[in-house]
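Colleague: dropping a prediction and its sequence here:
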Amino acid sequence: MSDRAQRRRRGPSHARFDRTDHVVFLVGPLYQMDKLSNMDIRPLIVIFPVTLCFLNPLRALCADQVPMTKEELIRRTQELFDAVVPGDKEPWQKYFAEDCIFADEKGRNLNKAQLVADITPLPKGYSGTIKVAKAQSLIHGDTAVLSYDTDETETIFGQNLTARYHVTDTWLRRNDGWQIVSSQAMRYYEDPAVGRIDRKKFADFQGTYELAPGQTRRVFSEGELLYVERNGKREQLLPESCEIFFRKGVEGRILFRYADNGRVNALIDRRNNEDVIWRKLN
């Protein structure tokens, strides 16, 4: 029989490999499974947790590389203030950069070590809350600014106090993620409580007071109210105590000074513990 006839009887040359290929396809995985079953997997038990230890920080780092949002800034900021009452230092350690500048409402300028050390639990008998409000943000690239109010409530042995502050924080994204590099706070001015005073004393205060030639102001009363007027502008003087008065929404105090003869001889305009003295003319 010719070679051509023999090839025709056997069929295409690749047909004789079909069954072998299927056998290899089936036997290969079985062989690998048998090989794995005999493998010592104890090294994998050690390697797998170690791998996770490296992946978790990487995952956290990648998560902090996403663009910052106003909502996330507010969330982190509220987390900081929620940690104040219990004295939890962890968020302050986490969110403030090592080289941060922190200027508080008391006029203190703290570095990070001083700031974190300042976070301590409230004393026994004290409680309170601090809530972020009226937040505004400006986010550009690796820099974010959050400017906001904080509404503070404090209870001291059953007595309730409130205060309002304004804070501006600057966040930077660095290798360690987003952290605050600068924070500055101020306290909103609040008028004191109005005190009680004997209205008969108003007669002592009334008159014209001079700062310099041509610079005068007049104090007078109408009914049970006391006023001060300068250049046609009238303001009510509200008593804080017997001889100390304030004007609504205006920082500082107005005091009346008595001379040795028992008569008022000056009006003192006190601002930030510094006095401007107006001499009484009549």
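Modeller: Perfect, thanks for sending it.
Colleague: which residue is the nearest non-sequential neighbour of Val250?
Modeller: Among residues not flanking Val250 along the chain, Glu235 sits closest, at 7.5 Å (C-beta to C-beta, 6 or more residues apart in numbering). Every residue, glycine included, has its C-beta placed from N, CA and C.
Colleague: what about the one you found, which helix or strand?
Modeller: For Glu235, the host element (DSSP states H and E) is strand 233-239.
Colleague: packing partners of that strand?
Modeller: Here strand 233-239 touches strand 225-230, strand 244-246, going by 3 or more C-beta pairs under 8 Å, 6 or more residues apart in numbering; DSSP states H and E.
Colleague: for the record, mean pLDDT for the last one?
Modeller: I take that to be strand 244-246. If you average the pLDDT over strand 244-246, you get 96.
Colleague: that strand pairs with which strands?
Modeller: strand 233-239 (antiparallel), strand 253-258 (antiparallel) (DSSP bridges).
Colleague: put together a markdown table for those strands, with mean pLDDT and distance to Thr69 on each row.
Modeller: What follows is the strands paired with strand 244-246, written out as a markdown table (pLDDT from 0 to 100; distance: least, C-beta to C-beta, whole Å):
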| stretch | mean pLDDT | distance to Thr69 |
| --- | --- | --- |
| strand 233-239 | 97 | 45 |
| strand 253-258 | 97 | 45 |
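Colleague: hey, which of those strands is tucked in deepest?
Modeller: strand 253-258 (a mean of 18; mean count of other C-beta atoms under 10 Å).
Colleague: that one to strand 225-230, inter-axis angle?
Modeller: 100 degrees (axes from the mean of the first three to the mean of the last three C-alpha atoms, to 10 degrees).
Colleague: quick check: bridge partners of His140?
Modeller: Thr143.
Colleague: state the number of residues packed around it.
Modeller: Neighbours of His140 under the rule other C-beta atoms under 10 Å: 8.
Colleague: before we move on, back to that, out of the strands paired with strand 244-246, flag the one nearest Gly177.
Modeller: Nearest of the strands paired with strand 244-246 to Gly177, taken as C-beta to C-beta: strand 253-258 at 47.4 Å.
Colleague: any idea how far that closest one is from the chain center?
Modeller: 39 Å (C-alpha atoms, centre = their mean, to the nearest Å).
Colleague: contacts for the strand holding Glu235, please.
Modeller: 191, 194-197, 219, 225-229, 245-248, 250, 254 (C-beta atoms under 8 Å, 6 or more residues apart in numbering).
Colleague: wait, isn't Gln93 in contact with Val116?
Modeller: Yes - in this structure Gln93 lies within contact range of Val116 using C-beta atoms under 8 Å: 5.6 Å.
Colleague: ok, back up a step: buried subset of the contacts of strand 233-239?
Modeller: Ile197, Val219, Leu226, Tyr227, Val228, Phe245, Phe246, Arg247, Ile254 (16 or more other C-beta atoms under 10 Å).
Colleague: surely the third one touches Phe245?
Modeller: Yes - at 7.1 Å, Leu226 counts as touching Phe245 under the criterion of C-beta under 8 Å.
Colleague: for the chain, just list every one of the helices.
Modeller: In chain order, the chain shows helices spanning 3-10, 18-37, 42-63, 70-82, 90-95, 112-118, 202-205, with DSSP state H as the criterion.
Colleague: got any ranges where this structure has weak pLDDT?
Modeller: Across the chain, residues meeting the criterion (pLDDT under 70) sit at 1-65.
Colleague: quick check: the residue nearest to the spatial centre of the chain vs Tyr95, distance?
Modeller: A centroid search over the chain (C-alpha atoms, centre = their mean) returns Thr77, at 4.5 Å, as the residue closest to the centre. Thr77 is 8 Å from Tyr95, where distance means C-beta to C-beta, to the nearest Å.
Colleague: that older thread, ok, the residue nearest to the centre of the chain touching Trp171?
Modeller: No - counting by C-beta under 8 Å, Thr77 stays clear of Trp171, with 9.7 Å between them.
Colleague: can you list the domain ranges for this protein.
Modeller: Structurally, the chain divides into domains by automatic domain parsing as follows: 3-63, 70-187, 199-280.
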